[in-house]
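Visitor: sharing a sequence plus its predicted fold:
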Amino acid sequence: MSKGKRKKVVFKSYSQGQSLLFPPSLDELLSSDHPVRVVSSIIDQVNLKPLLSSYQGGGASNYHPKMLLKILIYGYMNNIYSSRKLEKAVHEQIPFMWLSGMSRPDHHTINRFRGKRLQEGFRKVFDEVVLLLVKEGYLSLKQSYTDGTKIEANASKYSFVWAKSIETNTEKIRKQLHELWAYAQGIAQADHQLEDLDLAQIDSAKVLETVEKIDAVLQGKTVDKKVKQKINYAKKKWPAKLDEYEKKKEVLAGRGSYSKTDPDATFMRLKDDHMRNKSLKAAYNWQCTSSGQFILGYSIHQNPSDTPTYKAHLEQLQEGLGSLPESNCADAAYGSEENYAYLAQKQVIGYLKYNRFHKELKGKWKDNPFDVRNLYYNEAKDCYYCPMGQAMNFVATSHRKTKNGHPYLVHRYQAQNCQGCPLRGSCHKSKNNRSIEINYQLKKYRKQARDLLTSEEGVKQRGNRAQDIEGVFGQIKQNAQFRRFMLRGKDKVTTEIGLVCLAHNLKKRINAQKAKKVA
């Protein structure tokens with residue numbers, strides 16, 4: 001071939017209009033180990049009768065819940081959370097078309113199934129899949145790890161109700177009502193003897209009654225124009241406002257805030273930017289328990305703190321699996337007396353840190369003679385001794401309750417005479433004699449926890465916790481980009497996070513199966 005002569009370019013044949021004698025089936029277009037086949041196989045083994053209870057007889061035919069559930073799970077496995085995008089996928093993507101059997105449910109059908117139909121029995125479906133994975137040997141119920149993370153709600157950032165604001169405004173009404181009452185007493189004290197006003201508890205009826213009394217007393221009197229305006233305003237506005245506050249309190253149900261667009265959501269501090277700065281947003285507290293990065297159980301809570309969610313979460317886990325794992329490891333947010341007592345009752349080995357665990361390991365507190373833990377205790381006399389050798393005698397016991405309603409007992413000890421003590425400035429800053437409070441039951445639980453956490457197995461569990469449950473959160477929030485709910489309301493959000501957890505478990509199962517084949 002002479003230099004410079006160009007070779008002939010050959011292209012593969014291309015004809016869009018070419019017909020096939022035997023058109024390929026969708027099954028032929030999917031490899032034998034395609035992930036969508038695993039999803040279909042797992043759901044086919046699950047009892048879906050709990051889901052059928054949400055359907056009523058009569059009317060037009062419905063899409064089968066098995067097909068819709070498969071579509072949702074496979075969509076969540078591929079980070080497709082929008083019902084409109086799922087509708088598009090059913091029309092265009094081969095795996096979804098294969099799952100649906102060429103059925104084409106629209107986004108209304110998909111969203112209604114996810115938001116309404118799944119609420120009835122999805123939890124049982126999830127639990128059954130977990131037990132199936134246990135049976136197949138992919139996960140174990142021996143060790144478990146629990147933690148919580150906050151997921152932003154599908155709610156406006158700017159439409160909120162604060163409990164403190166309601167208290168402040170109610171107090172303003174109470175104060176102004178007192179002022180009006182005092183004014184009326186001053187104007188008409190010769191003609192009317194007004195009884196003392198009790199406004200410890202006020203409502204719309206009481207406010208209206210009081211304002212009408214004030215108005216009646218001031219009839220025919222020379223009254224300041226601004227006072228008349230305030231009385232008229234109070235009649236029109238205050239009763240309605242107090243009724244509004246009562247309704248808001250019912251929605252709050254003890255919480256500090258809620259969003260007007262999703263009243264079940266509470267405003268929480270979310271560390272959702274790259275610098276982990278905290279921003280205040282409507283959110284839900286998602287509690288999760290994992291084993292080998294498989295999710296054993298999930299629960300949604302409206303409380304931003306993890307401590308009071310632990311018992312309810314584990315009870316939900318036990319209900320789903322039939323029993324609790326042999327051990328559970330969690331961080332210091334869960335180390336309360338109530339949680340330690342619950343684990344002891346359930347005979348679960350609890351590797352739960354408490355808030356001063358790491359500081360105690362460093363041992364700096366041992367150099368502080370004023371620290372309560374360093375004060376000498378005389379068990380025979382039931383008293384402590386301060387660094388100066390003065391006895392701190394037992395004073396009283398106090399029965400208290402946590403915000404969660406858990407009762408606990410506190411013993412109080414107090415020194416007799418701190419006046420003139422040269423160490424007083426370093427010992428305490430109270431104007432009275434120094435007193436200390438000891439919760440002996442919590443002290444006992446913490447010692448047991450410290451012994452477990454510092455043991456060889458405890459050190460191992462603490463190390464595993466960081467990569468196990470934190471790894472689950474990383475995969476879901478970072479890799480799967482699930483950081484905001486699509487649905488509103490606690491029940492719907494619980495179903496949605498269940499779909500996320502089930503999709504995560506099936507992805508882990510597929511990866512584990514592939515790893516077995518390679519090995």
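Guide: On my side now, so go ahead.
Visitor: which residues does the most centrally placed residue in the chain bridge with?
Guide: The centre of the chain sits closest to Asn285, judged by C-alpha atoms, centre = their mean, with a distance of 1.8 Å. Beta bridges link Asn285 to Lys150, His301, judged by DSSP bridges.
Visitor: neighbours of Leu252, just the number please.
Guide: Neighbourhood size, Leu252 [other C-beta atoms under 10 Å]: 18. Backbone N, C-alpha and C define where each C-beta goes, glycine included.
Visitor: before we move on, what about Tyr376?
Guide: Residues near Tyr376, counting by other C-beta under 10 Å, number 11.
Visitor: which strands and helices sit next to the helix or strand where Ala466 lies?
Guide: In this structure, Ala466 sits in helix 456-474 according to DSSP states H and E. In terms of contacts (3 or more C-beta pairs under 8 Å, 6 or more residues apart in numbering; DSSP states H and E), helix 456-474 is packed against strand 143-152, strand 278-291, strand 327-330, strand 349-352, helix 440-453.
Visitor: reformat the ones you listed as a markdown table; add mean pLDDT.
Guide: Output for these, formatted as a markdown table (pLDDT from 0 to 100):
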| stretch | mean pLDDT |
| --- | --- |
| strand 143-152 | 96 |
| strand 278-291 | 93 |
| strand 327-330 | 96 |
| strand 349-352 | 96 |
| helix 440-453 | 95 |
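Visitor: and Arg488, which of those is closest to it?
Guide: Proximity to Arg488 (C-beta to C-beta) singles out strand 278-291 among those, at 9.9 Å.
Visitor: quick check: buried residues in that closest one?
Guide: For strand 278-291, burial by neighbour count (16 or more other C-beta atoms under 10 Å) applies to Lys281, Ala282, Ala283, Tyr284, Asn285, Trp286, Gln287, Cys288, Thr289, Ser290, Ser291.
Visitor: and it, C-alpha only, in PDB?
Guide: Coordinates of the C-alpha atoms in strand 278-291 are reproduced here as PDB (Å, rounded to 0.1, in the frame of the first residue of the first chain):
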ATOM      1  CA  LYS A 278     -26.200  23.900  62.400                       C
ATOM      2  CA  SER A 279     -29.300  25.300  60.700                       C
ATOM      3  CA  LEU A 280     -32.800  25.300  62.100                       C
ATOM      4  CA  LYS A 281     -35.300  23.400  59.900                       C
ATOM      5  CA  ALA A 282     -38.400  21.400  60.200                       C
ATOM      6  CA  ALA A 283     -37.300  17.700  60.500                       C
ATOM      7  CA  TYR A 284     -37.900  14.300  62.000                       C
ATOM      8  CA  ASN A 285     -35.600  12.300  64.200                       C
ATOM      9  CA  TRP A 286     -34.900   8.900  62.500                       C
ATOM     10  CA  GLN A 287     -33.700   6.200  64.800                       C
ATOM     11  CA  CYS A 288     -32.000   3.200  63.300                       C
ATOM     12  CA  THR A 289     -30.500  -0.100  64.400                       C
ATOM     13  CA  SER A 290     -28.100  -2.000  62.200                       C
ATOM     14  CA  SER A 291     -26.000  -5.200  62.200                       C
END
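Visitor: distance from it to the middle of the chain?
Guide: Chain-centre distance of strand 278-291: 5 Å, with C-alpha atoms, centre = their mean, to the nearest Å.
Visitor: so it versus strand 143-152, what angle?
Guide: Angle, strand 278-291 to strand 143-152, by axes from the mean of the first three to the mean of the last three C-alpha atoms, to 10 degrees: 150 degrees.
Visitor: which secondary structure elements does strand 278-291 sit against?
Guide: So strand 278-291, by 3+ C-beta pairs under 8 Å, 6+ apart, packs with strand 143-152, strand 266-271, strand 294-301, helix 310-321, helix 456-474, helix 490-518.
Visitor: how about these in CSV, adding mean neighbour count and distance to His428?
Guide: As requested, those are exported to CSV (neighbours: other C-beta atoms under 10 Å; distance: least, C-beta to C-beta, whole Å):
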stretch, mean neighbour count, distance to His428
strand 143-152, 24, 36
strand 266-271, 18, 32
strand 294-301, 24, 38
helix 310-321, 19, 33
helix 456-474, 16, 34
helix 490-518, 19, 45
